[in-house]
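Student: Need coordinates for the below:
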Amino acid sequence: MKKNHLPLFGVGPVYAIVIVLVTVLAVVLKSSLPSVMPSRTIQIIMKLIGFFMLVLAGCIWVMAAVVSKIDEHILKNELVTDGIYAWVRNPLYAAFLLGCTGILLIEGNLLLLPLPILYWAFLTVLMRHTEEKWLLARYGEPYRAYCRTVNRCIPWFPKRRGKVEKQKERCISVRRDRKTRAVMLLCGMLGCVCFGTGDWLMLFGDPASDAALSWLTEGVRTMAGWRLNLAMVLAFPGIVLYGIGLFGMENYIPREKPRRAYHYLNIFGMPPWIALHLFYVMILTLWTVSGDSALCVQLYDRLKWMIPLSMAVMLPVFVWWTVIQGVGSTVFPRGMACANVIVIYLLLKGISLCMPVSAFRMGFTNALMSESMMIWFGIALVWDLRRLS
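Tutor: The predicted model follows:
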């Protein structure tokens, strides 16, 4: 007899098997992976959050599978929008996502933290191309309205339906505020100039080095102190202007949910920029003052856990931008996703590797991220002025 309902298990087994397998491999092979462990206090916090997420995942799974009896509703072709389904559209999958994330947090290795972001991105792409299409074809506008008010995989308070209309208003404002968008992008480029100038000021002169850290050069050791002071001062207006540019990119995301995700990822991603900048300024200042490379290396080894942690917090916003641009959730053409910050950075990194060892190469390499961001803002600005005017 031919089925007249959606698949009972959907794509759940595929998603669950993949992320559980990756999580198990990460735990089993942890001894073979580089270990980047934070301080004891942060490890305890991570473990507590991990255990909480495991308990939350179990509760969500029980509420979806047992309390809501989703299998019975599927067999009856009924769209469920109450109970746990009023908080998240895919609670069973969200339970696996939270559970695997909890396990990785309990492990305490900072290098494993990008995996939950990949799990979430995988679920987003998988759902958009499978079950969401099936549900939309079967239920039409009721399911479309449900999607506007309830998150796909992160449990959260449902939005009031009155807010949904703001999305259409936002689409119109994308084309109205061209001057505002241009000013915000120019501020972002100016912020990159501040950060980049500081990066160039920090590394200059004779590139020779016999220290364990190659950027502890003779040129840096003998440079004037004002250069590092100026590099530190420029970081403060730089982060403000740079933030204006990054938040200005929200104007090119018409849909509310991806724009909101970009907004919050930006908020979390901003502090590590200035933290890393000041981290390197501090070590280079110690090098110029003391000339003791062993002491500088010791300080670096004590605080180097900041680097992978900062990268894990900084990069998701750029990965998210690439994803939403690639799926057409911005006003830019999908092909422009190839001109994202990460790709530009890799291209500039390849150029730097072809340069001869010199003070110019050191400055160029040290400012790669600022240079990449400036090009990214510039591409968006030029496209806006030419296409949306």
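Student: so is residue 38 in a helix, a strand, or just coil?
Tutor: Using DSSP: H, G, I helix; E, B strand; the rest coil, the three-state assignment for residue 38 comes out as coil.
Student: Please read the previous query as pertaining to residue 79.
Tutor: State at residue 79, reduced to three classes by three-state DSSP: coil.
Student: so what pLDDT did the residue nearest to it when sequence neighbours are not counted get?
Tutor: Distances taken as CB to CB, 6 or more residues apart in numbering place residue 139 nearest to residue 79, at 5.0 Å, with adjacent residues excluded. The way it works is simple: take the backbone N, C-alpha and C, and place the C-beta from them, glycine included. In this model, residue 139 is scored at 88, pLDDT.
Student: measure residue 139 to residue 146 for me?
Tutor: Residue 139 sits 8 Å away from residue 146, going by CB to CB, to the nearest Å.
Student: overlap in contacts of the two?
Tutor: residue 79 (CB atoms under 8 Å, 6 or more residues apart in numbering).
Student: low-scoring stretches of this structure, by residue?
Tutor: Within the chain, the stretches with pLDDT under 70 are 1-6, 8, 33-35, 159-176, 203-204, 388-389.
Student: quick one, domains of the chain?
Tutor: Structural domains assigned to the chain are 12-153, 174-388, following automatic domain parsing.
Student: need the contact list for the residue positioned nearest the centre of the chain.
Tutor: For the chain, the residue sitting closest to the mean C-alpha position, by CA atoms, centre = their mean, is residue 316 at 1.0 Å. Residues near residue 316 by CB under 8 Å, 6+ apart: 114, 117, 265, 268, 269.
Student: what do you get if the cut-off is 7 Å, keeping everything else the same?
Tutor: With contact taken as CB atoms under 7 Å, 6 or more residues apart in numbering, residue 316 is in contact with 117, 265, 269.
Student: which parts of stretch 55-66 are buried?
Tutor: Residues of stretch 55-66 classed as buried under the neighbour-count rule (16 or more other CB atoms under 10 Å) are 56, 57, 60, 61, 63, 64.
Student: got it, and stretch 217-228?
Tutor: Neighbour-count burial for stretch 217-228 [16+ other CB under 10 Å]: 217, 220, 221, 223, 227, 228.
Student: May I have it exported as PDB, CA atoms only?
Tutor: Presented in PDB, the C-alpha positions along stretch 217-228 are these (Å, rounded to 0.1, in the frame of the first residue of the first chain):
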ATOM      1  CA  THR A 217      63.500  40.100  15.300                       C
ATOM      2  CA  GLU A 218      66.500  42.400  15.700                       C
ATOM      3  CA  GLY A 219      64.500  45.200  14.000                       C
ATOM      4  CA  VAL A 220      61.700  44.900  16.600                       C
ATOM      5  CA  ARG A 221      64.200  44.800  19.500                       C
ATOM      6  CA  THR A 222      65.900  48.100  18.400                       C
ATOM      7  CA  MET A 223      62.800  50.000  17.300                       C
ATOM      8  CA  ALA A 224      61.600  53.200  19.000                       C
ATOM      9  CA  GLY A 225      59.100  52.700  21.800                       C
ATOM     10  CA  TRP A 226      56.600  55.100  20.200                       C
ATOM     11  CA  ARG A 227      55.900  52.700  17.400                       C
ATOM     12  CA  LEU A 228      54.400  50.100  19.800                       C
END
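Student: which residues are contacting it?
Tutor: For stretch 217-228, the surrounding residues in contact (CB under 7 Å, 6+ apart) are 201-209, 281, 284-285, 287-288, 291, 359.
Student: got the phi/psi numbers for residue 209?
Tutor: Phi and psi for residue 209, reported as degrees, to the nearest 10, are phi -150, psi 140.
Student: among the buried residues of stretch 217-228, which are in helices?
Tutor: 220, 221, 227, 228 (DSSP state H).
Student: Output these in JSON lines, with distance to residue 260 appended to each entry.
Tutor: Shown next, in JSON lines, are those (distance: CB to CB, whole Å):
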{"residue": "220", "distance to residue 260": "43"}
{"residue": "221", "distance to residue 260": "47"}
{"residue": "227", "distance to residue 260": "41"}
{"residue": "228", "distance to residue 260": "39"}
